[in-house]
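Colleague: need a structure here:
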Amino acid sequence: MAGVPPDLSTSLLTRLCGVISLSFFASLHKRVLDTVLESTTKSNRMTQLCISCIEQLSGLPFTRSLLIHYLVEGAIQEDHCHLFGGRWSQIPFLSSSFSSSTSTSSSVADTVSLLEENKQQSLSIALPRFHSSVYHGGVILQTAKLQSWGKLLPKELITKNRLTFVETLWLCSREMKDATTLPVPTDSAQKSEERMEVDRPAYSRSLGTRNISESSARTLGCIIVDNLTMDSLYNDVHWLDPDFRKVTTERDTLVWKRLEVLPLLWDVIQEFSSSCVFLYYLSPVLRSLMAVTMNHMEVSRETRMKNCPKYHEAAVKLVYCLAQGSMIPPPLSNIAELFPFVSPYEGYLLLLALWRYIKDNPPSEFEAEVKNRTCDSSHMFVVNSIIHANIDHMGHLCPRIFNM
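Modeller: Residues are numbered from 1 along each chain as shown. The predicted structure is shown next:
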């Protein structure tokens, strides 16, 4: 495979990144069709070629940033989100403005327009209260309903697509030693790529040997925040007092629902959480998810936190991501092991202790500062009390929390 010339203009590189991104998603669509026909050789080859092109183009910081934008924003669009298990029709504050207006226009075209009928009330003289002169607020069985999303793919195919996407995104984001020129593959590299399975194209070569670059982590974090939040009003990276989450309840709930119907973004967050720069810019989203989880656990009447599977899973993922990015040090980073044994309110107290630690130790994009953080006894008081109260079934976890 020939390399990309290093003297291409900015406009041409922009168009090239856009075309390659569209071709990548087209190959995933073709994979769906080929799966039905039980012949995926051509689609796998097409996906592999797109990934190879993306890997070469990501050699420059400019094209790397463009590719990250195109890939993430393309994966959550209506035409592509079902490839990764997303449900467009259920996405709050987004799908209604795009899909409902077009999907229901034909079904309500012949019905009476309440808006036009109500406008006539201010233009006519006062009349007795008979049916034609009353201001209507709605008509039974005339409301337009959102159509349910019908593009359901096999779970195995969705998992395969999500793995391919995350691996491709990692190729765009990894740190390059020399990013001044685009890499030209050698003959041996070309031969090895031809033998490679598309499920793991070049991910295993880069993961663990090269970290995500700071610029890519910054770009990726900002893109996810922009696509999950309604506005930038409360997108500050610092965590305020825990009681402030009552002010942002509606906003936090919308972020939760948006992420719930776009599970691919959860995968991206987990895979890239080892970068403290990424977590720094993603802090508004993590704070919203933590707030929703705490709000539910505070009022839940279940006997065990694990009986709330959706929120229990979210709490475990949050602790994992925060620990991976060194936002919380040991032993706070081990509190997820207590969740299956505690009540929902005790889980709320554990998350509250974690929130207060992050408030006292704000997120930082400097790795040296984050790595040297420690947890003093003041932030472990609640954790120790919960362990002592449940020592009968938490005793085996004491070495994970206490210095033993």
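
Colleague: so which residues of the stretch 251-400 of the chain form helices?
Modeller: 263-272, 276-299, 309-324, 344-360, 367-371, 381-389, 391-394, 398-401 (DSSP state H, counting those that start in this stretch).

Colleague: just those helices: most buried one?
Modeller: helix 276-299 (a mean of 23; mean count of other CB atoms under 10 Å). Where C-beta positions appear, they are placed from N, C-alpha and C, glycine not excepted.

Colleague: that older thread, any chance of the helices of the stretch 251-400 of the chain in CSV, plus distance to residue 232?
Modeller: What follows is these, written out as CSV (distance: least, CB to CB, whole Å):
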stretch, distance to residue 232
helix 263-272, 18
helix 276-299, 9
helix 309-324, 22
helix 344-360, 20
helix 367-371, 24
helix 381-389, 33
helix 391-394, 42
helix 398-401, 38
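
Colleague: okay if I get the ones you listed as a markdown table plus mean pLDDT?
Modeller: Converted to a markdown table, the helices of the stretch 251-400 of the chain look like this (pLDDT from 0 to 100):
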| stretch | mean pLDDT |
| --- | --- |
| helix 263-272 | 94 |
| helix 276-299 | 95 |
| helix 309-324 | 95 |
| helix 344-360 | 95 |
| helix 367-371 | 85 |
| helix 381-389 | 91 |
| helix 391-394 | 87 |
| helix 398-401 | 83 |
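
Colleague: quick one: closest of those helices to residue 249.
Modeller: helix 276-299 (6.9 Å; CB to CB).

Colleague: so how far is that closest one from its chain's centroid?
Modeller: 12 Å (CA atoms, centre = their mean, to the nearest Å).

Colleague: residue 159: which of the helices of the stretch 251-400 of the chain is closest?
Modeller: Going by CB to CB, the one of the helices of the stretch 251-400 of the chain nearest residue 159 is helix 263-272, 9.7 Å.

Colleague: what is the neighbour count of residue 19?
Modeller: Neighbour count for residue 19, taken as other CB atoms under 10 Å: 12.

Colleague: to residue 252, which of the helices of the stretch 251-400 of the chain lies closest?
Modeller: Closest to residue 252 of the helices of the stretch 251-400 of the chain, according to CB to CB: helix 276-299, at 4.0 Å.

Colleague: check contacts around the residue most central in space within the chain.
Modeller: Note on the chain: the residue nearest the mean C-alpha position is residue 265, at 2.4 Å, using CA atoms, centre = their mean. By CB atoms under 8 Å, 6 or more residues apart in numbering, the contact set of residue 265 is 76, 224, 227, 228, 259.

Colleague: can I get these in CSV with distance to residue 236 and secondary structure?
Modeller: Formatted as CSV, those follow (distance: CB to CB, whole Å; DSSP: H, G, I helix; E, B strand; the rest coil):
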residue, distance to residue 236, secondary structure
76, 24, coil
224, 16, helix
227, 18, helix
228, 15, helix
259, 19, helix
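
Colleague: list just the nearest of the residues you listed to residue 283.
Modeller: Nearest to residue 283 among the contacts of residue 265, with distances taken as CB to CB, is residue 224, at 11.1 Å.

Colleague: and the pLDDT at that closest one?
Modeller: For residue 224, the model assigns a pLDDT of 95.

Colleague: gap between it and residue 279?
Modeller: According to CB to CB, to the nearest Å, residue 224 and residue 279 sit 11 Å apart.

Colleague: and what of residue 273?
Modeller: Relative to residue 279, and taking CB to CB, residue 273 is found at 6 Å.

Colleague: quickly list what's touching both of the two.
Modeller: 321, 322, 325.

Colleague: residue 262 reaches residue 77, doesn't it?
Modeller: No: between residue 262 and residue 77 there is no contact under CB atoms under 8 Å: 10.7 Å.
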